[in-house]
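K.L.:
Would you be able to build a 3D model of this:
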Amino acid sequence: MFASPAIFILRETKKDIAVCIVFLAMPFLFYLYGSSYKERFNSSDTINYEYKVRAIGSNISLDRFYSNIDPVSVINELIDISQPIKDDKTIFVWPEGILPDVSQEELIEFKWLFEDVFSQNHLLFIGINSQKTNKEKIDYFNSLSIYDHNLEILNFYNKINLVPFGEFLPFENILKKFGLSVITNNYQSFSSGDDRKIIDIKRDDFSLKILPLICYEIIYSGKIFNNSNFDLMVNISEDGWFGSSIGPKQHFSHSIFRAVESGKYLLRSANNGIAAIVNPLGVVEQKVEYGQSGYIDFKKAQKIQPTLFSKYGNKIFITLILLYIFLIFSFNKFRNE
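P.N.:
As a prediction, this is how the structure comes out:
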């Protein structure tokens, strides 16, 4: 738009002006589409969910990875932040890897901590490691697990997109011979999950379909879902590895893009990071700031049709690039006629 005066100053023929007007019109059409989408969203029906989803923002030290910190103290702190009320139907979302020394199957050993505060009205999403015996080898997974109030496992998702040199060592069998396993603290590499499944939470007449994303899986534009048949994206993360850098804020910013791309709400629970609710327009509706502890509640949502990006993904950009190339060659031919 800002270049439009130059079109008329530097024009050679009327054909040149026609070509430039066509190219200038395309961003304007995108603007009209975006404005229409925003208007439809703001005027859409509101869905009130029977269960609220409460995402926790915590500020628990990374020391728990390197020293024998009692998991009881961590669990008690998370329960205090969560503020459960027995009569309130609530799904609690706790951050990634919050209990590094407790496995998925071992969490039930701490059931006594939940008995006085949790009820049958509660479910718990928590980032916790899991394992599976594969022949003579044990595979470890970075998982998001769903428990009922008795800490019985209802469902789980194993992270697919692992962080290289953080969660796994590429070419591990070769590089560990050169002592490079120290990069991953000499731990065995995590294994990658099989698929990114949509988790359907069903309780009586209530149903909520959730797309789980663990940590930096949030950065994978166009690759995090195969269909749009879900209600909410849930992202859990441990951002303490960034320290006091700009990393936690940059990591969180990807949540805004994924919400806009998918046309879905995104709920984020983070330790040493930013917990938030982002709506399909990219507006942050609630937030627990970096360095603070608290919770945010997702209870209602505006319903809107899936976006073009959720249907076609990055194919849209490839199509636009090819379209521009086609138009350039076509208009060059048009000018020379």
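K.L.:
Please count neighbours and contacts with C-alpha atoms only from this point.
P.N.:
OK.
K.L.:
Tell me if K132 really is in a strand.
P.N.:
Yes. Secondary structure of K132 (DSSP: H, G, I helix; E, B strand; the rest coil): part of a strand.
K.L.:
Report the central residue of the protein.
P.N.:
The residue at the geometric middle of the chain, judged as the C-alpha nearest the mean C-alpha position with Cα atoms, centre = their mean, is N235 (3.6 Å).
K.L.:
what about it, helix or strand, and which?
P.N.:
Following DSSP states H and E, the helix or strand that holds N235 is strand 232-238.
K.L.:
Likewise for F298?
P.N.:
Secondary structure assigned from DSSP H and E places F298 in strand 294-302.
K.L.:
Report the inter-axis angle for that strand versus strand 232-238.
P.N.:
Angle of strand 294-302 versus strand 232-238, following axes from the mean of the first three to the mean of the last three Cα atoms, to 10 degrees, is 160 degrees.
K.L.:
what comes into contact with strand 294-302?
P.N.:
Outside of strand 294-302, the residues that reach it under the criterion Cα atoms under 8 Å, 6 or more residues apart in numbering are 41-42, 44-58, 81-82, 265, 267, 275-277, 286-288.
K.L.:
go with 7 Å
P.N.:
The contact list for strand 294-302, computed with Cα atoms under 7 Å, 6 or more residues apart in numbering, reads 41, 44-49, 51-58, 81-82, 276, 286-288.
K.L.:
what does stretch 38-46 give?
P.N.:
281, 300-304.
K.L.:
swap in stretch 92-101?
P.N.:
53-56, 65, 71, 123-129, 214, 236-238, 269-271.
K.L.:
are any of those residues buried, and which?
P.N.:
Members of the contacts of stretch 92-101 that pass the buried threshold by neighbour count (16 or more other Cα atoms under 10 Å) are listed as 53-56, 71, 123-129, 214, 236-238, 269-271.
K.L.:
Give me the subset of these that lies in helices.
P.N.:
P71 (DSSP state H).
K.L.:
returning to that earlier point: the contacts of stretch 38-46, buried ones only, as a ChimeraX selection?
P.N.:
Command for ChimeraX that selects the buried part of the contacts of stretch 38-46, burial taken from 16+ other Cα under 10 Å:
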select :281,301,302,303,304
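K.L.:
Next, format the contacts of stretch 38-46 as TSV and append pLDDT.
P.N.:
Converted to TSV, these look like this (pLDDT from 0 to 100):
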residue	pLDDT
L281	92
K300	89
A301	88
Q302	85
K303	79
I304	79
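K.L.:
Pick out the most distant pair among the contacts of stretch 38-46.
P.N.:
Farthest-apart pair in the contacts of stretch 38-46 is L281 and K300; separation 15.2 Å (Cα to Cα).
K.L.:
what does stretch 211-227 rub up against?
P.N.:
Counting by Cα under 7 Å, 6+ apart, the neighbours of stretch 211-227 from elsewhere in the structure are 96, 159, 161, 198-199, 230, 232-238, 254-255, 258, 313-314.
K.L.:
quick one: contacts of stretch 307-325?
P.N.:
Contacts made with stretch 307-325 from outside it, assessed by Cα under 7 Å, 6+ apart, are listed as 222, 228, 261-263.
K.L.:
farthest-separated two in those?
P.N.:
Once Cα to Cα is applied, the contacts of stretch 307-325 give G222 and G263 as the farthest pair, at 12.7 Å.
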